[in-house]
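Engineer: Sequence and predicted structure, then a few things I'm wondering about:
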Amino acid sequence: MAQPPLLTLSDIALTFGGDPLFNGASLIVQPADRVCLVGRNGSGKSTLMKIMAGLVEADSGERFMRPGMNVSYMDQDPDFTGYATLGDFAMEGLEFGMEWKVYAAAEGLKLALERDPAQASGGERRRAALAKLLAAEPDLMLLDEPTNHLDIQAIAWLEEHLKQTRSAFVMISHDRTFLRELTQATLWVDRGVVRRQERGFEGFEDWRDKTFEEEDLQRHKLNRLIKDEARWAVEGISGRRKRNQGRVRRLGELRDERSSQIRRQGTAAMGFMAGSKSGRLVVEATDISKTYEDTVIVNDFSIRVMRGERLALVGPNGAGKTSLLKLLIGEENPDTGTVKIGTGLNPVVFDQNRAALDLNASLWESLAGDPLLGVSGRSDQVMVRGTPRHVVGYLKDFLFDDQQVRSPVKALSGGEKARLLLAKLMARESNLLILDEPTNDLDVETLDLLQELVTDYDGTVILVSHDRDFLDRVATTTILMQGQGRTQVYAGGWSDLEAQGAKFGENAEAAIGLQSASSTAAQKKTQELPKAAPVAANPVKVAALEAEMEKLQAEIAKLESFLADPDLYAKSPAKFDKATAGLVERQEKLAKVEEEWLELSEG
């Protein structure tokens, strides 16, 4: 016999700032449901989840929770007032003897329960809220971005825990691998309506695309019907001199139906613009080591990053991914070894903390008020890759509406903040993208677009991410960092890393130990072979080659700028041909000089 639903929402309506967020939204959650809640950024997913939790009251409609059932919501910003430690917060309300559940969750989530909340990071506080929810084992768990601030190992633990739970859950997440592994039904929030499909996230995109195709077909039929009725109204009046009032009213009703339809949000008009090319060598780290107090970040680590590569850094929180990133881009110096930075680099940085955004500034001020982007003397203009644009028009490219332009950044959702930061970065030319957790909070459509842009980017990418799907789609090389200086370089993304036998946790220590032993044996064997005498690098020649590379890169940039004129060929085909030939000649010469510089530097 089928059990009644745990939770029912009926005809929910809610208005924020004059625009309806929901209008007649309804849904049910069944016992043991495993549901993903999806929708565009700003569509109201988090708000709907708070209505489900009873934390936000709708303007109208009904919320019904089955008697005797309980629901827990993972708070994004929990209140730790009155708690001495994160553990005190997580264990509050548990029955006597059930504290072990918090300890088990804390171990899986890598949470230090003895930490003072005042000293804890935002990620630690959120993990404490997640541990509290998991330990309580409610009938229904509402999880809003539970994988944010978790490393890959903790995500794997949470994934396994949720596979075994008896609780029903509804979750919002940007991690598509996580959603595919766990969900069996989908709730889709779209223009104030909630749809349900009895398939997990794996089937969402096909369902969405089919729904949009059907919608487009219906709109086409409606437009054709309106056109036919309008033609009859004109021709019928002159032919019979008497209106058929019923058909005239029908025409009015059809037009009202069309005007009442809410157009779906398009795709953000995002794009990275690569400037002049960097040198072929972007970064070369040779035998670098770095230690902070008692924590070893890297130990005798070497890698070479060439132009066009997509390098990913993965590993547990605290392993030193961001520190290694700073070493590779020259923000910090190694204790030993050398880091050689290539020539002609023009980087832009997307940081996971969104530090480049002033939360109290408006969206308008974030762009037009930025000295790197604003047009001198014009407070309504922003420079987009060398071309002035009105700030409102540019923000609309990133799906922000007129009402949001003057609103403070702090009023935006997490995904909208990510889009705003991307808008700032994409206004600038670059040839090196530094992406630190870029996928957090992005909706499926924006995430798809970002992956395409990063893959097609005509430059180099160095990224830190825990998103396995994103790593698979983007990375060409992956550095696995295990902590205490243990690193291993793999070709490809996350799945490739696993296929090549990467191990984690205690198994990783054994695996890396075996690799080190085999590496030592190989080195010993190599040492027994006769070696050629090393060739000493000529510092004068190296300096001359570097000067030549800079000169060629400057000439290439000028020619590329000259050829960017769309009317050049029509106005002067001879100049176009000459500039094109000159550009090819300098690019070929630059490649040869770079090869010579690399060979000389290695010697």
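Structural biologist: Structure received.
Engineer: Phi and psi next, for the closest residue to V29 other than its chain neighbours.
Structural biologist: Leaving aside its sequence neighbours, V29 sits nearest to L7 (Cβ to Cβ, 6 or more residues apart in numbering; 4.3 Å). All C-beta spots, glycine's among them, are computed from the backbone N, C-alpha and C. When read as degrees, to the nearest 10, the backbone of L7 gives phi -140, psi 140.
Engineer: close enough to count as contact, L7 and F64?
Structural biologist: Yes. Using Cβ atoms under 8 Å, L7 makes contact with F64 at a distance of 7.2 Å.
Engineer: For the two, indicate the residue with more neighbours.
Structural biologist: Using other Cβ atoms under 10 Å as the criterion, L7 and F64 rank with L7 on top: 23 against 13.
Engineer: Bridging across strands, which residues link to that one?
Structural biologist: Per DSSP bridges, the residues bridged to L7 are V29, M65.
Engineer: list the contacts for it?
Structural biologist: The contact partners of L7, by Cβ atoms under 8 Å, 6 or more residues apart in numbering, come to I28, V29, M52, R63, F64, M65, R66, M69, V71, L140.
Engineer: quick one, what contacts the fifth one?
Structural biologist: The contact partners of F64, by Cβ under 8 Å, 6+ apart, come to L7, T8, L9, S10.
Engineer: measure it to E137 for me?
Structural biologist: F64 sits 22 Å away from E137, going by Cβ to Cβ, to the nearest Å.
Engineer: How about the fourth one?
Structural biologist: Computed as Cβ to Cβ, the R63 to E137 distance reads 22 Å.
Engineer: can you list the weak-confidence ranges in the stretch 351-500 of the chain?
Structural biologist: Applying pLDDT under 70 to the stretch 351-500 of the chain flags residues 353, 372, 374-378.
Engineer: and with 80 instead?
Structural biologist: Applying pLDDT under 80 to the stretch 351-500 of the chain flags the ranges 352-356, 369-379, 385-386, 399, 413-415, 441-443, 445-446, 449.
Engineer: residue ranges for the strands of it, please.
Structural biologist: All strands of the stretch 351-500 of the chain, identified by DSSP state E, counting those that start in this stretch, fall at 374-375, 378-384, 387-390, 429-430, 432-436, 460-464, 477-483, 486-491.
Engineer: Including mean neighbour count and distance to W157, could those strands go into a markdown table?
Structural biologist: Listed next are those as a markdown table, based on neighbours: other Cβ atoms under 10 Å; distance: least, Cβ to Cβ, whole Å:
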| stretch | mean neighbour count | distance to W157 |
| --- | --- | --- |
| strand 374-375 | 17 | 46 |
| strand 378-384 | 18 | 43 |
| strand 387-390 | 14 | 46 |
| strand 429-430 | 20 | 37 |
| strand 432-436 | 22 | 23 |
| strand 460-464 | 24 | 20 |
| strand 477-483 | 22 | 16 |
| strand 486-491 | 18 | 20 |
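Engineer: Turn those strands into JSON lines, including distance to L313.
Structural biologist: Output for those, formatted as JSON lines (distance: least, Cβ to Cβ, whole Å):
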{"stretch": "strand 374-375", "distance to L313": "33"}
{"stretch": "strand 378-384", "distance to L313": "30"}
{"stretch": "strand 387-390", "distance to L313": "34"}
{"stretch": "strand 429-430", "distance to L313": "19"}
{"stretch": "strand 432-436", "distance to L313": "9"}
{"stretch": "strand 460-464", "distance to L313": "5"}
{"stretch": "strand 477-483", "distance to L313": "5"}
{"stretch": "strand 486-491", "distance to L313": "9"}
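Engineer: Helix or strand with the lowest mean pLDDT in the protein?
Structural biologist: One helix or strand of the chain scores below all others by mean pLDDT, DSSP states H and E: helix 505-527, with a mean of 38.
Engineer: List the residues that contact F201.
Structural biologist: With contacts defined as Cβ under 8 Å, 6+ apart, F201 is in contact with C36, V38, R176, L179, R180, T183, T186.
Engineer: Can I get the buried ones among these as something I can paste into ChimeraX?
Structural biologist: In ChimeraX, this line selects whichever of the contacts of F201 come out buried by 16 or more other Cβ atoms under 10 Å:
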select :36,38,176,179,183,186
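Engineer: Just the ones of the contacts of F201 in strands?
Structural biologist: C36, V38, T186 (DSSP state E).
Engineer: Not counting its neighbours along the chain, what's nearest the first one?
Structural biologist: Excluding the flanking residues, the one nearest C36 by Cβ to Cβ, 6+ apart is T183, at 4.2 Å.
Engineer: cool, and T455?
Structural biologist: Leaving aside its chain neighbours, T455 sits nearest to V474 (6.0 Å; criterion: Cβ to Cβ, 6+ apart).
Engineer: Check the spacing between that neighbour and A128 real quick.
Structural biologist: Distance of V474 to A128, computed by Cβ to Cβ: 31 Å.
Engineer: Separate out the buried members of the contacts of F64.
Structural biologist: By neighbour count, with 16+ other Cβ under 10 Å, the contacts of F64 hold L7, T8, L9 as buried.
Engineer: how much space is there between the first one and E588?
Structural biologist: Meaning L7. According to Cβ to Cβ, L7 and E588 sit 66 Å apart.
Engineer: Show the contacting residues for the most centrally placed residue in the chain.
Structural biologist: The centroid of the chain falls nearest to T439 when counting by Cα atoms, centre = their mean (1.4 Å). Counting by Cβ under 8 Å, 6+ apart, T439 touches H174, D175, L447, L450, S465, D467, F470.
Engineer: Look up the closest residue to it, ignoring the ones flanking it.
Structural biologist: Spatial nearest neighbour of T439, chain neighbours left out: D467 (4.5 Å); criterion: Cβ to Cβ, 6+ apart.
Engineer: since we're on S561, how many residues are nearby?
Structural biologist: When neighbours are defined as other Cβ under 10 Å, S561 has 12 of them.
Engineer: so how far is the helix or strand it falls within off the chain centroid?
Structural biologist: Using DSSP states H and E, S561 maps to helix 539-563. Remark: helix 539-563 is offset 35 Å from the chain centroid, using Cα atoms, centre = their mean, to the nearest Å.
Engineer: tell me what it is packed against?
Structural biologist: Counting by 3 or more Cβ pairs under 8 Å, 6 or more residues apart in numbering; DSSP states H and E, the packing neighbours recorded for helix 539-563 are helix 573-602.
Engineer: between the helix it packs on and helix 539-563, how big is the angle?
Structural biologist: Taking axes from the mean of the first three to the mean of the last three Cα atoms, to 10 degrees, one finds that helix 573-602 is oriented at 150 degrees with respect to helix 539-563.
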